[in-house]
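**Q** sequence and predicted structure are below.
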Amino acid sequence: MTPVVAGMSTAAHVLVIVLAAAVIAFIVHLVRSRRLRAKYSVLWFSIGLGLAVLAIFPDLLVEVSDLFGISYPPATFMLLALSFLLILVLHFSWELSRLEDRTRTLAEEHALLRQEVEERLHPPSGGASA
Amino acid sequence: MTPHTAPRTLVIIPAYNEEASLPAVLKELAEQTPEYDVLVVSDGSTDRTAEISREAGAHVAVLPFNLGIGGALRTGFSFAVRHGYERAAQFDADGQHDPVALDSLLAGIDAGADMVIGSRFTAGGAVTYEVSGIRRRAMRLLEWLVRALVKQQFTDTSSGFRAFSRPMIEHFAVNYPVEYMDSVEALVQACNAGFRVEEVPANMRGRTGGAPSTRRFKLVYYYVRLLVVLVVSTTSRGQRARRVASRSHDS
């Protein structure tokens, strides 16, 4: 008889722990190779840690579920995951808007600088409206 | 940075692939209103828009990719600010605006208005512009919404034939709305920011070249989006100040 933790077999338990460890290892790799900005690394590290804690102590999820009166513990996990993803996507939309705004400003600035350079290199030949 | 001796008025022409109609437009402007400087903002054009405009003697700003009319206009306003223009006008590249009417728009600016809109529909403007049924109803709804938001009656909120005062130019160089259907949002924004906006009749002609810029289903999407933007923008007071702060570059 294998010991069962929160409805999981030992094999499933080990699998979850390995997966969580892999996620953390990947985040570490991304941060070390400077492909993930520090501000995002903190965010993802906390997520990785949370996953690891849950993977090692799945009973925690059951206790939290009991606390909120959720009879099916995986639903608690899904709820947390969904809320987190929603907030994250919203944040990315905001970040994208900001980036687009900056790109626009750069494009405008580029156009004006180019106009000035071109008119200095090739002064207008005296068109009526220039 | 003012390389020109006495620059007063800048005509801003946003142009996206308008090589077919631009030569005639620029020629007419040079003949009818030679005292005004012309800036063509080539908005990511892939044709000879920039070359043609340069040959016609206009100033040309080339955007590296398409930003939409709002982005092109904002570029024009920045140009006007940096080169010390006191008045500016927005003018279509497709030949539907009459240079002669520019003077009546600019006269409104001299009389104290910050933005003067050339309307296709006010009493006095000859009915030379036809719109289809659904489109007219959509414009009516927009008119009604704008009136409800700014407490002022406008007959042609989406007209792209406009003149601007120096304070308006400075405001728009930073704040001009860059979403599609910018003209309506710009109108509401100007009113809300306390600028004086007026409307004068102006004749419009049919397009002389090029194709209308947007497909119908896309137009509907943008229209709905505009309604949302308008309602939201008037309820968030802090938005403008924040945008100014986040975009505070040298001028």
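**A** Looks like it arrived, so ask away.

**Q** could you pick out the longest helix of chain A?
**A** helix A:73-121 (DSSP state H).

**Q** run the chain-centre distance for it.
**A** 14 Å (C-alpha atoms, centre = their mean, to the nearest Å).

**Q** what about chain A, any weak spots by pLDDT?
**A** Within chain A, the segments meeting pLDDT under 70 span A:1-7, A:124-130.

**Q** still on that earlier bit, which helices and strands sit right next to the longest helix of chain A?
**A** With contacts defined as 3 or more C-beta pairs under 8 Å, 6 or more residues apart in numbering or on different chains; DSSP states H and E, helix A:73-121 has these neighbours: helix A:59-68, strand B:59-63, helix B:69-82. The way it works is simple: take the backbone N, C-alpha and C, and place the C-beta from them, glycine included.

**Q** need the ones you listed in CSV with distance to residue A:18 and mean neighbour count, can you?
**A** Converted to CSV, the helices and strands packed on helix A:73-121 look like this (distance: least, C-beta to C-beta, whole Å; neighbours: other C-beta atoms under 10 Å in any protein chain shown):
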stretch, distance to residue A:18, mean neighbour count
helix A:59-68, 18, 14
strand B:59-63, 51, 25
helix B:69-82, 50, 25
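
**Q** picking that back up, okay, the angle between the longest helix of chain A and helix A:59-68?
**A** 100 degrees (axes from the mean of the first three to the mean of the last three C-alpha atoms, to 10 degrees).

**Q** hmm, back to that, now distance to residue B:156 too, for the helices and strands packed on helix A:73-121, in a markdown table please.
**A** Listed next are the helices and strands packed on helix A:73-121 as a markdown table, based on distance: least, C-beta to C-beta, whole Å:
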| stretch | distance to residue B:156 |
| --- | --- |
| helix A:59-68 | 57 |
| strand B:59-63 | 27 |
| helix B:69-82 | 16 |
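
**Q** quick check on residue B:42: phi, psi?
**A** Dihedral pair for residue B:42: phi -80, psi 110, per degrees, to the nearest 10.

**Q** list the beta-bridge partners for it.
**A** residue B:15, residue B:62 (DSSP bridges).

**Q** that one contacts residue B:63, correct?
**A** Yes. In this structure, residue B:42 is within contact of residue B:63 by C-beta atoms under 8 Å, at 6.5 Å.

**Q** contacting residues around the closest residue to residue B:115 other than its chain neighbours?
**A** Nearest residue to residue B:115 in three dimensions, chain neighbours excluded: residue B:197, at 4.6 Å (C-beta to C-beta, 6 or more residues apart in numbering or on different chains). Residue B:197 makes contact with B:113, B:114, B:115, B:116, B:117, B:152, B:154, B:187, B:190, B:191 under the criterion C-beta atoms under 8 Å, 6 or more residues apart in numbering or on different chains.

**Q** what about these, which are in helices?
**A** Short answer: the contacts of residue B:197 in helices (DSSP H) are B:187, B:190, B:191.

**Q** please work out which residue of chain B is closest to chain A.
**A** The minimum distance from chain B to chain A, using C-beta to the nearest C-beta, falls at residue B:57 (1.1 Å).

**Q** what is the neighbour count of that residue?
**A** 18 (other C-beta atoms under 10 Å in any protein chain shown).

**Q** so it, which of the three states?
**A** The three-state label given to residue B:57 by DSSP: H, G, I helix; E, B strand; the rest coil is coil.

**Q** now the contacts of residue B:197: which count as buried?
**A** B:113, B:114, B:115, B:116, B:117, B:154, B:187, B:190, B:191 (16 or more other C-beta atoms under 10 Å in any protein chain shown).

**Q** give me the pLDDT value at the second one.
**A** The one in question is residue B:114. As predicted, residue B:114 sits at a pLDDT of 95.

**Q** which residues touch it?
**A** Taking C-beta under 8 Å, 6+ apart as the definition, contacts of residue B:114 comprise B:164, B:165, B:167, B:168, B:190, B:195, B:196, B:197.

**Q** please tell me which one of those residues counts the most neighbours.
**A** Going by other C-beta under 10 Å, residue B:164 tops the contacts of residue B:114 with 32 neighbours.

**Q** now the element after the stretch of helix or strand that residue belongs to, going C-ward?
**A** Per DSSP states H and E, residue B:164 falls inside strand B:162-165. Next along the chain after strand B:162-165, taking DSSP H and E as the criterion, comes helix B:166-175.

**Q** from residue A:19, how far out is residue A:54?
**A** Distance of residue A:54 to residue A:19, computed by C-beta to C-beta, to the nearest Å: 11 Å.

**Q** the more surrounded of those two?
**A** residue A:54 (19 against 13).

**Q** give me the helices and strands touching the one helix or strand that one maps to, please.
**A** In this assignment (DSSP H and E), residue A:54 forms part of helix A:38-56. With contacts taken as 3+ C-beta pairs under 8 Å, 6+ apart, helix A:38-56 sits against helix A:10-32, helix A:59-68.
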